[in-house]
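Student: sequence and predicted structure are below.
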Amino acid sequence: MSFSILGTGSALPERVVTNEELSHMVDTSDAWIRTRTGIRERRVCSSETVTELACQAAAKALTDSGCTAAELDLIICATISADYATPSMACILQDKLGAHCPAFDINAACTGFLYALDIAAGYFARKADQKILVVAAEAMSRLIDWQDRSTCVLFGDGAGAAVLGAGDGLLAIRTGAKGSIAPLYAPSSWGNSPFYTGNSAQPYLVMEGQEVFRFAVTSMVQTVEDVLAQTGVRKEELAWVLPHQANIRIIDAALSRLKIGSEKCLTNIADHGNTSAACAAILLDEANRAGKLKKGDLLAMTAFGGGLTTGACILRWDK
Amino acid sequence: MSTLDKVVEILVEAKDLEADKITEASTWDDLGLDSLDTVELVMNMEDAFGISLEMTEDMKTVGDVVKAIDAAK
């Protein structure tokens, strides 16, 4: 009921948007954004589509894994901002990469990558020897209101991917949800039906920061404690913690409650902001490529997001 | 230790504030704390006092929080 990560990849749009640039668009400042969120800059799609980013990340992950697209048994994409409602991002990737396997998207917002790993673990339980591509890709720049200073400074675009193969690197995974619209929501297309008489959803992402903060900190602490207990891994045995990159203050508050030192925590929020589901996958790939992950390292990943959803896992790096 | 003393201790520990500058009349603004700081502090108080606190608009000062904690005990 497990797998090992064979390779990772990520891709970011070329366009960098700094806090300074945002301060000319909305009433904010570099100092305010940095101290309140830990974000310095983010990447935003200009000419790229999110499908293109997903495709680049997937291709890099395949190369890193030494697998070919033709060997894939399944493609799962985690996204809330795909270019199309149908075909799924995963089906478009199947075509572009030259794979022949089943492919589908899932939506668990910022927890999407962990949910996708959990689903993949189920497929591995059915057949241990196979290869699954998991991609998390987002263009959050299309969901947010660029005139709302409380949200537009927080998000960025990007994609990350991992190729999973036979192995027992996933030691434990846990996902959870506490369904509720109000704390964090973003609309989908409502079309132009002449028959619908109700109200339309408001057009952009809305977030109630205080409620999300509270859920984020409590759920990350709880899920990490759960997977640690399930595996018997002690905190001091963890090589790295990879938390969702929404706000450095959420990360700090969760780490201090978990009594895990910040030196064990990987972050990239300063450079990328919150890329929703893609955060975890990009963070993992950047650590892999920077040579930070040693064979046998124990990693704790944890996330929370719209839904509200949450999750955590303990992974042994087997590469 | 009074509730106020404990609340001051939590504020000092979590937010690096100076204890002698905190009074019951201090507002979050006076202390330079924003909305996320206040949520975090409420969570810290819940842990410290073993209670459940509802953060409301009326909780504007340290004294308001002390009252809410005493009521929840």
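Tutor: Yes, it's here.
Student: pLDDT score for A:Leu238?
Tutor: The pLDDT attached to A:Leu238 in the predicted structure is 97.
Student: I'd assumed A:Leu299 was in contact with it.
Tutor: Yes - applying Cβ atoms under 8 Å, one finds A:Leu238 in contact with A:Leu299, separated by 7.1 Å. In this view, the C-beta of every residue, glycine as well, is placed from N, C-alpha and C.
Student: now do the phi/psi pair for the spatially closest residue to A:Lys60 that is not a sequence neighbour.
Tutor: Distance criterion Cβ to Cβ, 6 or more residues apart in numbering or on different chains; nearest residue to A:Lys60, sequence neighbours excluded, is A:Gly9 at 2.8 Å. In this entry, A:Gly9 is assigned phi and psi values of phi -160, psi 160 (degrees, to the nearest 10).
Student: centroid residue for chain A?
Tutor: The structure's chain A has its C-alpha centroid closest to A:Ala277; by Cα atoms, centre = their mean the separation is 2.4 Å.
Student: quick one: it and A:Leu117 touch, right?
Tutor: No - no contact is recorded between A:Ala277 and A:Leu117 when judged using Cβ under 8 Å, the distance being 11.2 Å.
Student: how about the residues of chain B by chain A?
Tutor: B:34-36, B:38-40, B:43, B:55 (Cβ under 8 Å from any Cβ of the partner chain).
Student: from these, which ones fall inside strands?
Tutor: Secondary structure assignment (DSSP state E) places none of the residues of chain B next to chain A within strands.
Student: would you mind listing which of these are buried?
Tutor: By the neighbour-count criterion of 16 or more other Cβ atoms under 10 Å in any protein chain shown, the residues of chain B next to chain A include these buried positions: B:36, B:38-40, B:43, B:55.
Student: and which of the residues you listed is nearest A:Ser256?
Tutor: Looking at those and their distance to A:Ser256, the nearest is B:Glu40, at 9.5 Å (Cβ to Cβ).
Student: check contacts around that closest one.
Tutor: Each residue near B:Glu40 by Cβ atoms under 8 Å, 6 or more residues apart in numbering or on different chains is listed here: A:213, A:217, A:249, A:253, B:14.
Student: quick check, pLDDT for whichever residue of chain B sits closest to chain A.
Tutor: For chain B, the residue closest to chain A is B:Val39, as judged by Cβ to the nearest Cβ, at 4.6 Å. Turning to B:Val39, the model gives it a pLDDT of 88.
Student: that one reaches A:Glu208, doesn't it?
Tutor: No - under the criterion of Cβ under 8 Å, B:Val39 makes no contact with A:Glu208, lying 10.7 Å away.
Student: ok so A:Thr302 is a strand residue?
Tutor: Yes - assessed by DSSP: H, G, I helix; E, B strand; the rest coil, A:Thr302 belongs to a strand.
Student: burial count for it?
Tutor: Taking other Cβ atoms under 10 Å in any protein chain shown as the criterion, the count of residues near A:Thr302 is 28.
Student: just confirm it contacts A:Val241, I think it does.
Tutor: Yes - using Cβ under 8 Å, A:Thr302 is in contact with A:Val241, at 7.3 Å.
Student: strands of chain A, residue ranges please.
Tutor: Applying DSSP E to chain A gives strands spanning A:4-11, A:16-18, A:41-43, A:74-78, A:103-106, A:132-139, A:157-165, A:170-177, A:184-185, A:206-207, A:240-243, A:298-305, A:309-316.
Student: for the closest residue to A:Gln230 other than its chain neighbours, give its distance to A:Ser141.
Tutor: Excluding the flanking residues, the one nearest A:Gln230 by Cβ to Cβ, 6+ apart is A:Ala172, at 4.3 Å. Separation of A:Ala172 from A:Ser141 (Cβ to Cβ, to the nearest Å): 34 Å.
Student: show me what contacts A:Leu266?
Tutor: Neighbour list for A:Leu266: A:240-242, A:283, A:286-287, A:292 [criterion: Cβ under 8 Å, 6+ apart].
Student: compare those and tell me which is most surrounded.
Tutor: Ranked by neighbour count (other Cβ under 10 Å), these have A:Leu283 at the top, with 26 neighbours.
Student: any idea of the pLDDT on the residue nearest to that residue when sequence neighbours are not counted?
Tutor: Nearest non-adjacent residue to A:Leu283, counting by Cβ to Cβ, 6+ apart: A:Leu242, 5.1 Å away. For A:Leu242, the pLDDT comes out at 98.
Student: cool, B:Ala14 as well?
Tutor: At B:Ala14, the model reports a pLDDT of 83.
Student: for the helix or strand harbouring it, buried residues please.
Tutor: Element membership of B:Ala14 [criterion: DSSP states H and E] is helix B:3-15. Residues of helix B:3-15 classed as buried: B:3-4, B:7-8, B:10-11, B:14 (neighbour count, 16+ other Cβ under 10 Å).
Student: returning to that earlier point: can you list residues touching both of A:Thr302 and A:Val241?
Tutor: Taking Cβ under 8 Å, 6+ apart as the contact rule, A:Thr302 and A:Val241 both touch A:Val224.
Student: thinking again about what came up before, could the contacts of B:Glu40 go into CSV alongside distance to A:Pro194?
Tutor: Converted to CSV, the contacts of B:Glu40 look like this (distance: Cβ to Cβ, whole Å):
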residue, distance to A:Pro194
A:Phe213, 42
A:Val217, 46
A:Arg249, 47
A:Ala253, 49
B:Ala14, 55
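Student: which one of the residues you listed is nearest to A:Arg43?
Tutor: Looking at the contacts of B:Glu40 and their distance to A:Arg43, the nearest is A:Arg249, at 21.8 Å (Cβ to Cβ).
Student: residues from the stretch 151-300 of chain A in reach of chain B?
Tutor: Where the stretch 151-300 of chain A comes near chain B, counting by Cβ under 8 Å from any Cβ, the residues are A:209-210, A:213-214, A:217-218, A:247, A:249, A:253.
Student: again, only using 6 Å
Tutor: Residues of the stretch 151-300 of chain A lying close to chain B by Cβ under 6 Å from any Cβ of the partner chain are A:210, A:213-214, A:249, A:253.
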